[in-house]
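Student: no sequence on hand, only this structure:
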């Protein structure tokens, strides 16, 4: 699984999103505000749009999973993956020891 490096600090992200919310009424549309502010902070407009959408979800203004819910879901998925791996190991070990027991019983 590839990890993404974060180019922008959480403070920069929060400030950019806050600027979109605060200065949105000064622009013709939300997209116009996003493109203007993205150019000022040096990120792509689409990146800032995604940050704004996630903040709207976190505030309950938009449907979808909040940041906390997404983090919890990711942790649960990781736990399920680890448990499945452990179950697979145990299943194989059980089969191995069962076969060894059978071999031991029938040897003269």
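Tutor: Sure thing, it's come through. Note that this is a predicted model, so its numbers are computed, not measured. Numbering: from 1, shown residues only.
Student: so in this protein, which helix runs the longest?
Tutor: helix 67-105 (DSSP state H).
Student: name the helices or strands packed onto that helix?
Tutor: helix 45-59 (3 or more CB pairs under 8 Å, 6 or more residues apart in numbering; DSSP states H and E). C-beta coordinates here come from the backbone N, C-alpha and C atoms, glycine included.
Student: show me how far the helix or strand residue 18 falls within is from its chain's centre.
Tutor: Secondary structure from DSSP states H and E places residue 18 in helix 10-23. Relative to its parent chain, helix 10-23 has a centroid offset of 20 Å by CA atoms, centre = their mean, to the nearest Å.
Student: name the residues that touch it?
Tutor: Residues outside helix 10-23 that contact it (CB atoms under 8 Å, 6 or more residues apart in numbering): 8, 30, 33-34, 36-38, 41, 43, 48, 51-52, 55.
Student: would you mark the buried spots in the helix or strand just after it?
Tutor: Next along the chain after helix 10-23, taking DSSP H and E as the criterion, comes helix 30-41. The neighbour-count check on helix 30-41 (16 or more other CB atoms under 10 Å) flags 33, 34, 35, 36, 37, 38 as buried.
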